[in-house]
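> coordinates only, no sequence provided:
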């Protein structure tokens, strides 16, 4: 049997636009035999992915992409962990504070966007990120935000992107 694998895939639970089932079905359509779903800081959706994978003939490799900090270089890094029980309560406990910080940071970005003249509310952000385990303004809303007309002529979409990007710090290193 020939193996074709993709071991670094996200779903809408993290920062993709596709549901768990859609992701597994797209992998099947591409001839993927082994799929590693590694959503950011969460194992939510892995049980569904395993079930969908079995139905589609795709072997699911459980995974997670954990946000961490390289204190030597003072940089945010990601640690990939694979092949654990889908329940993974120990990983969920490790990631819960990371998800809470990510959501808090993203909701602060809402204020930045509002101050830049965008018509956006925390409720809108939360609604658009309902399938996710954490709110993420740039990933979930960037397309709709950046298509709104700017109310301040000197500001550009690029300026706004970099302003928010500079603020994005799920972990402070």
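Yes, it's here. Since this is a predicted model, take the numbers as computed values, not measurements. Numbering: from 1, shown residues only.
> helix/strand/coil for residue 35?
strand (DSSP: H, G, I helix; E, B strand; the rest coil).
> and what of residue 96?
Per three-state DSSP, the secondary structure class of residue 96 is helix.
> tell me the pLDDT at it?
If you check residue 96, the pLDDT there is 93.
> measure it to residue 135 for me?
Separation of residue 96 from residue 135 (Cβ to Cβ, to the nearest Å) stands at 15 Å. C-betas here are computed from N, CA, C, even on glycine.
> so for those two, which sits in the more crowded spot?
A side-by-side neighbour count of residue 96 and residue 135, using other Cβ atoms under 10 Å, places residue 135 first with 23 against 13.
> surely the more buried one and residue 109 touch.
No. The criterion here is Cβ atoms under 8 Å, and residue 135 misses it with residue 109 at 9.1 Å.
> where does the prediction get shaky in this protein?
For the chain, applying pLDDT under 70 flags the ranges 136-173.
> just checking, next helix/strand downstream of the one helix or strand residue 67 maps to?
Residue 67 belongs to strand 59-70 when elements are defined using DSSP states H and E. Sequence-wise, the next helix or strand downstream of strand 59-70 (DSSP H and E) is strand 75-82.
> got a list of contacts for that next one?
Residues outside strand 75-82 that contact it (Cβ atoms under 8 Å, 6 or more residues apart in numbering): 7-8, 36, 38, 40, 61-70, 91, 169-171, 173.
> rerun that using 7 Å as the cut-off
36, 38, 61-70, 91, 171, 173 (Cβ atoms under 7 Å, 6 or more residues apart in numbering).
> quick one, helices of the chain?
Taking DSSP state H to define them, one finds helices in the chain at 20-29, 46-56, 89-115, 122-128, 137-146, 157-167.
> now distance to residue 82 too, for these, in JSON lines please.
Shown next, in JSON lines, are these (distance: least, Cβ to Cβ, whole Å):
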{"stretch": "helix 20-29", "distance to residue 82": "16"}
{"stretch": "helix 46-56", "distance to residue 82": "11"}
{"stretch": "helix 89-115", "distance to residue 82": "11"}
{"stretch": "helix 122-128", "distance to residue 82": "30"}
{"stretch": "helix 137-146", "distance to residue 82": "23"}
{"stretch": "helix 157-167", "distance to residue 82": "29"}
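> count of neighbours near residue 114?
Neighbours around residue 114, by other Cβ under 10 Å: 13.
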